[in-house]
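Student: Would you be able to build a 3D model of this:
(one chain, ligands or ions: 1)
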Amino acid sequence: LYQSKEFFPEERDALMQIRDSFTSTLDLHGNWTGPPCHKNSSQWSGITCSNWHVVGLVLEGIQLTGSLPPVFLQNITFLANLSFRNNSINGPLPNLSNLVHLESVFFSYNRLTGSIPSEYIELPNLKQLELQRNYLEGEIPPFNQPTLTLFNVSYNHLQGSIPDTDVLGRFSKSSYDHNLNLCGIPLEPCPALPPAPLVPPPSPPVSPPHSKKRKLPIWITVLIAVLAAIVPLMVMFVFLCFYKKAQEVETPKEQQAGDDSSPEWTDKKMQHSQSTEDPERRIELQFFDKNIPVFDLDDLLRASAEVLGKGKHGTTYRANLESGAVVAVKRVNYMNSLSKKEFIQQMQQLGKMSHKNLVHIISFYYSKEEKLIVYENVADGSLFELLHENRGDDRVPLNWAARLSIIRDIAKGMAFLHQSLPSHKVPHANLKSSNVLIHRDRQAYHSKLTNYGFLPLLPSRKSSERLAVGRSPEFCQGKKLTHKADVYCFGIILLEVITGKIPRETSPAGNEEKVDDLSDWVRMVVNNDWSTDILDVEILASREGHSEMLKLTEIALQCTVMEPEKRPRMSEVLGRIEEI
Ligand SMILES: Nc1ncnc2c1ncn2[C@@H]1O[C@H](COP(=O)(O)OP(=O)(O)OP(=O)(O)O)[C@@H](O)[C@H]1O
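Tutor: Purely as a prediction, here's the structure:
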């Protein structure tokens, strides 16, 4: 085949570049061997062929990590479908010049940066372009290919006005939503003097919106030139004014969130409401959740608020907005050394994630002294409250089925976090029962994880000590933290749910000696063959569940072994819990 005249080595070479630029869950080095195409078929994962040529390159959801070579596809001249959806690719989008047969291009759900290359508007057969959920910035080039039927650039950092072309006008708000500062149809109209003239439009435009080229009268050209000179000065002036004002608002420093009462919130309301008319205010809150109507900081501060609780990293309030929406707002402490850029980057990465077992981050606010994270409100309290509060006569016991369902949801949320944040040292890092929130659907109990992804926000050892991973053996021994520190915390939660005991409490049977941790106590009891002794009295009666409870105990003990490398991975734990 290598000798056959139908073999196109330049196509193979291009694919080799991809193979060598990435790591992934697929063994591309083992699989992509020999020629890529044999007539109309391919033995290579993700490759499709037609008439000895590569026509499809689809590598989706395989944790491809690395950046795309800038020029690598040009020799795959018959390429029609290209998809790298749902991976961890970083760096800029590749050059696709000359790929005249390309019909679909999917780079959504990655970590791509830089701008959308202007030559993409010259792909004559482009039907589908998905770039959503990346970190792309700059302006949208004036796409106007009549073939284009699917277009999505939402959840990026794009800005400027959406080009007024016939084709881009076909797509709805959801194609453009959740960008840094995009305006124009179908989003909000652009301000009277849009920032667009600041950035020159990409140089080689294809056909303008309405194909006939018209020469502009000289007076318009002069006016544009004058505006182009004045607008940057005006923008700088507005920015300086706003910056000065923001400094004034931030200077009356508030003491660190002290007691649990709402006056703090009210104080803050007063400080901010002095500048309610500030037109720049809206950019202070960044939104991720498209199901929640957008509100600004002043709406939030005008809302009636109640304290939900105070954790180790701040106080959480429930805010009832005038629009009727209810959100939970966490005022986070101990992050003052963090730069705005670091905070925003982390929040944007976390806010992009969406999973039914994670509490959505709706938006956030950063100033030097005050950091707010706005979460979706979860109705029925935390797992900690459900397990430990109100233990007395009027308590409704939490049955085994409910506990198992809650645990399964936690495991699902954790497995998703570990898969979505592979580069985070410890993706959740703060898994404990007060960070598992409960919502009930008739008789069924479900749970969602909150306060995840805090480790990069607390860079010093001292500040990260307050996180749940601060109790893992490896943290206490000053060793390196890995994903397995989360697995340890998960094991502790399992034990808490099975035993109904609070971790690090006094050992049972009146023995006042403090046990090192719940897992030590359980290990001791199980080793002495008293297995059912560990079960919470509330579930002890349901004998039919005992074998499941003990299976879960076994998993919990494996998750909490001292050596991180001996603990199972979250995906494996989830599989075993699903079997139960
Ligand atoms: N999104 C939310 N929806 C509803 N209630 C919430 C929400 N977030 C927190 N709560 C409630 O507020 C309480 C306090 O939460 P908070 O996050 O401030 O403390 P924590 O759980 O101890 O976390 P940490 O120690 O990491 O700061 C929780 O126990 C829970 O009952």
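Student: hmm, who's touching stretch 467-486?
Tutor: Outside stretch 467-486, the residues that touch it by CB atoms under 8 Å, 6 or more residues apart in numbering are 312, 414, 417-418, 425-432, 435, 454-455, 458, 464-465, 488-489, 492, 503-504, 517, 562, 564-565, 567, 569-570. Any C-beta I mention is one placed from the backbone N, CA and C, and that applies to glycine too.
Student: For whichever residue of the stretch 301-450 of the chain sits closest to the ligand, list each beta-bridge partner.
Tutor: Taking CB to the nearest ligand atom as the measure, the stretch 301-450 of the chain has residue 311 as its residue closest to the ligand, at 2.1 Å. Beta bridges link residue 311 to residue 314, judged by DSSP bridges.
Student: wait, it sits on residue 450?
Tutor: No: between residue 311 and residue 450 there is no contact, the gap being 9.8 Å when judged by CB atoms under 8 Å.
Student: who's more crowded, these two?
Tutor: residue 450 (26 against 19; other CB atoms under 10 Å).
Student: Low-confidence bits of the stretch 201-350 of the chain, can you list those?
Tutor: 201-294 (pLDDT under 70).
Student: Show me which residues of it sit near the ligand.
Tutor: 308, 309, 310, 311, 312, 313, 314, 315, 316, 328, 330 (CB under 6 Å from any ligand atom).
Student: Could you find the two of those that are most distant from each other?
Tutor: The span of those, defined through CB to CB, is set by 312 and 328 at 16.5 Å.
Student: Just want to know which of these two has more residues nearby.
Tutor: residue 328 (19 against 15).
Student: partner strands of the helix or strand that contains that one, parallel or antiparallel?
Tutor: Per DSSP states H and E: residue 328 is located in strand 326-332. Applying DSSP bridges to the sheet, strand 326-332 is found paired with strand 314-320 (antiparallel), strand 371-376 (antiparallel).
Student: Give me the contact list for the helix or strand just after the shortest one.
Tutor: Looking back up the chat, that one is strand 371-376. Once strand 371-376 ends, the next helix or strand along the chain (criterion: DSSP H and E) is helix 383-388. For helix 383-388, the surrounding residues in contact (CB under 8 Å, 6+ apart) are 380, 398, 406, 432-434, 436-438, 447, 493, 496-497, 500, 502.
Student: Could you list every helix and strand in contact with the following helix or strand past helix 383-388?
Tutor: Next helix or strand after helix 383-388 toward the C-terminus (DSSP H and E): helix 400-420. Helix 400-420 sits against strand 436-441, strand 444-449, helix 483-499, helix 546-559, helix 570-579, with contacts defined as 3 or more CB pairs under 8 Å, 6 or more residues apart in numbering; DSSP states H and E.
Student: Point out the most buried one among these.
Tutor: Comparing those by mean neighbour count (mean count of other CB atoms under 10 Å), helix 483-499 ranks first with a mean of 25.
Student: who touches both of residue 311 and residue 450?
Tutor: residue 435.
Student: Around the ligand, pick out the residues from the protein.
Tutor: Residues of the chain lying near the ligand (CB under 6 Å from any ligand atom): 308-316, 328, 330, 359, 375, 377-378, 381-382, 430, 434-435, 437, 450-451.
Student: Just the buried residues of the residues you listed.
Tutor: 308, 311, 313-316, 328, 330, 359, 375, 377-378, 381-382, 430, 434-435, 437, 450-451 (16 or more other CB atoms under 10 Å).
Student: List the contacts of the nearest residue to residue 37 once chain neighbours are set aside.
Tutor: Closest residue to residue 37 in three dimensions, ignoring its sequence neighbours and counting by CB to CB, 6 or more residues apart in numbering: residue 49, at 3.5 Å. Going by CB under 8 Å, 6+ apart, residue 49 touches 36, 37, 38, 39, 40, 41, 42, 55, 56.
Student: quick one: the strands in the stretch 101-250 of the chain?
Tutor: 104-106, 111-113, 128-130, 137-138, 150-152, 157-161, 181-183 (DSSP state E, counting those that start in this stretch).
Student: Let me have those in CSV, extended by mean neighbour count.
Tutor: Shown next, in CSV, are the strands of the stretch 101-250 of the chain (neighbours: other CB atoms under 10 Å):
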stretch, mean neighbour count
strand 104-106, 20
strand 111-113, 19
strand 128-130, 20
strand 137-138, 16
strand 150-152, 18
strand 157-161, 20
strand 181-183, 18
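Student: Give me the distance between residue 172 and the ligand.
Tutor: Taking CB to the nearest ligand atom, to the nearest Å as the measure, residue 172 falls 29 Å from the ligand.
Student: Look at that residue and say how many residues are nearby.
Tutor: Count around residue 172 with other CB under 10 Å applied: 10.
Student: For it, list the residues it contacts.
Tutor: residue 186.
Student: The one 3 residues further on too?
Tutor: With contact taken as CB under 8 Å, 6+ apart, residue 175 is in contact with 151, 152, 153, 154.
Student: Many thanks, we can stop here.
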